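S.K.: Following is a predicted model, sequence given first.
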Amino acid sequence: MSEAARGRRALGSTTVRLAFALALTQIVTLALGLAIMSGLTQRTLDNEARAAAEVARDDLLADHRTVGEAGMQRALNERLASSDDINFVAYLRGADGRRIAGNLAAWPQGAGTKARWTVAMLTRTDAQRPDPVGYVIQPLPGGEALLTGQVLEAQSQITRAREQSFIYALLAGLGIAAFASWMILRVLERRINQFNQTADDFAAGQLTSRVALSRSGDAFDRLGEAINAMLDRIATLVGELRAVTDSMAHDLRSPVARIRSSLERSLGETHDPAARNALADAIDEADGLQRLLDSALEISRAEAGIGRNQFVAFDLSEMVRDLAEVYGPLAEDEGFAIVVDAPDTMAVVAHRELLFRALSNLIDNALKYAGGGSRITMALADGGTGGIRLSVADDGPGIPPEDREEAMRRFGRLDPARTRSGAGLGMALVGTIATLHGGKMELDQAKPHGLAVNLDLPIGAAE
Amino acid sequence: MSQKILVIEDDRRTADFLTKGLSDAGFVADRADDGRDGLFLATDGSYDAIVLDRMLPGMDGMAVLAALRAAKVQTPVLILSSLGTVDARVEGLTSGADDYLSKPFAFSELLARLKLLMARSVQAAPSVETVLACDDLEMNLLNRRVTRAGKRIELQPREFRLLEYLLRHKDQVVTRTMMLEGVWEYHFDPGTNVVDVHVSRLRRKVDDGFGRPLVHTVRGAGYMLGIGE
């Protein structure tokens, strides 16, 4: 469960990064397009203004040639007076530097009698503030100089409008990019979630679970086919393993059965007390061996998810109280009191016998390893959203955090000398039983000291 | 006429052990070495009980059981198997077996369970008993009073249930597993002496201070309530 959740988080960051990259690419493309367009517009506008200024100059020069100085002045004044081209500016400077005609307040500073297309801030006679003006200057044969140009004011308005539309387009583009990314994200997530679901189900022991293929032959389908092939292989191996363990149980347990039978028969035939004691001890050992085989078998079967079809509805609170009753006298003899902290009823759907075994293993462990303690608390609580938390805690020495992993391992023991009895399968079996129920086992520090084993199981029966 | 039991078991030594033990206990024991022979013998319905191994050559034990039940043969069947896991047990019980015992087993436990099965199939409706007794120990199920030699014995509810179970199986060996199953309804082999402690507490109340012990330990098997040897 937790692995899948981690997987989903990692997937989240990858897809989110992907979406960001996608949106960013779209926005950069859009911005680039807008910038190129605006540059082109600017150049066209500039060229137009320049052409207008040059045409006006050429017209006036032609007037000068055909009708003379005075004729040209008249044409210039007419042109300034007409409102056809409100952006037109002109300045006719005499050879003495005075203004003969024109609508500019002054000759551009530093300008000579000839200039190619130049842009400068110039003030018109009817304006308070200078405007951006593009102009050309041409000297006349009489020593005068003629300046013609265009106020670029209108162009700056167009530029502003262009900047605004640029921002609007960018915002709209951002929205569209976000929406497109979200759509792509959803499609990706949906496909990837199918993989996730399959992996989760498979990990939980549903060995027939496979990725559904869309038959479109795309990359997801190819990945799905590869994963399905892998799952087929694993399922085959698990099946073989199960067959091997089952027949091994048969092969290994039958001799044990015969040994036990012989011992039992001998026990019935001898009356020598020493022999009877030895035989009874040997029978106990045979029983212990059988329980070890049972536990190992039970673990491999629970790991393979066998037993899920035997989940039944029952009252877990009652089971917890039963356990306290069954183990009460034994615990009392060992110096422990069993305390139950459970609601009156707790309806669950689970494997009754395996859960009972898990809890009795935990109590057994507490009795065995919580030396010096005096209290075993079995707590049952509603974890919300269909989950329950079962915990068995003692007030013994506990297990330091660095040793907890080892304690949950199969045959893992914290007692290097192996002086205490126990097969070391107890905790591992509890862990696999928790997994079989789609939950998990964790070891924790009991308060103020001791070991707490928590089982979080999603087995609450929906009311 | 003594009761007839059919043993279907391919393992020769286990089969020998079973038939010999059953004969010693006063039964007529027949044996079959494989599923086909076993099914053939069992279908005439003349047996009082059948001990059936799960893994058999030729025809699997579960298939034999299914065929028997399909042929409307209702002879009680006790499955005997090395597949001692919880699931195998439940599967066996839900597919028509009356009891399930895993190897290695105590013969006394097998015998106790077989007797229980046969008694159950004979008395279709168990008579409603109100008083259970053994020697001078009496249990009144109506007012839940327990007396021994006329003296009142105070028992906790769990001790009462345990004693009731022992009294109902008076003079039979009951194993620890059977007691957990009968008293608390959990099929489970605890491995620790969790049941022993219950019995020793009960024994203290029932036997201490009285002349003759009634609760006996049967070594290598379990316990028995009775007057004793």
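M.R.: Happy to help now that I have it.

S.K.: Any idea how many residues pack against the residue lying closest to A:Ala461 once chain neighbours are set aside?
M.R.: Excluding the flanking residues, the one nearest A:Ala461 by CB to CB, 6 or more residues apart in numbering or on different chains is A:Ala347, at 4.1 Å. Any C-beta I mention is one placed from the backbone N, CA and C, and that applies to glycine too. For A:Ala347, the neighbour count with other CB atoms under 10 Å in any protein chain shown is 15.

S.K.: so A:Ala347 makes contact with A:Ile459?
M.R.: No - taking CB atoms under 8 Å as the definition, A:Ala347 is not a contact partner of A:Ile459, at 9.6 Å.

S.K.: for stretch A:398-411, which positions count as buried?
M.R.: For stretch A:398-411, the neighbour count (16 or more other CB atoms under 10 Å in any protein chain shown) marks A:398-399, A:404, A:407-408 as buried.

S.K.: actually stretch A:48-57, sorry about that
M.R.: A:49-50, A:52-54, A:56-57.

S.K.: Next, format these as TSV and append secondary structure, distance to B:Pro76 and pLDDT.
M.R.: Formatted as TSV, the buried residues of stretch A:48-57 follow (DSSP: H, G, I helix; E, B strand; the rest coil; distance: CB to CB, whole Å; pLDDT from 0 to 100):
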residue	secondary structure	distance to B:Pro76	pLDDT
A:Ala49	helix	112	86
A:Arg50	helix	114	88
A:Ala52	helix	116	88
A:Ala53	helix	118	87
A:Glu54	helix	119	89
A:Ala56	helix	122	88
A:Arg57	helix	124	88
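
S.K.: Surely A:Gly217 is within a strand?
M.R.: No - under DSSP: H, G, I helix; E, B strand; the rest coil, A:Gly217 falls outside any strand and is assigned coil.

S.K.: What pLDDT is listed against it?
M.R.: With respect to pLDDT, A:Gly217 scores 80.

S.K.: Can you give me the distance of it to chain B?
M.R.: 41 Å (CB to the nearest CB, to the nearest Å).

S.K.: Can you report how many residues neighbour that residue?
M.R.: A:Gly217 has 10 nearby residues by other CB under 10 Å.

S.K.: Give me the contact list for the strand or helix carrying A:Ala452.
M.R.: Using DSSP states H and E, A:Ala452 sits within strand A:451-457. Here strand A:451-457 makes contact (CB atoms under 8 Å, 6 or more residues apart in numbering or on different chains) with A:348, A:350, A:358, A:362, A:365-366, A:369-370, A:383, A:387-394, A:396, A:398-399, A:427, A:430, A:434, A:437-446.

S.K.: Briefly note if the helix or strand encompassing A:Ile376 comes near chain B.
M.R.: A:Ile376 is located in strand A:375-384, with elements delineated by DSSP H and E. No - figure legend: strand A:375-384 not in contact with chain B (CB under 8 Å from any CB of the partner chain); closest approach 13.3 Å.

S.K.: Helices of chain B, start to end?
M.R.: For chain B, applying DSSP state H gives helices covering B:12-24, B:35-42, B:61-70, B:86-94, B:107-122, B:157-168, B:176-179, B:194-207.

S.K.: Report pLDDT for the residue sitting nearest the centre point of chain B.
M.R.: With distances taken as CA atoms, centre = their mean, B:Arg113 lies nearest the centre of chain B, 1.9 Å away. pLDDT, B:Arg113: 86.
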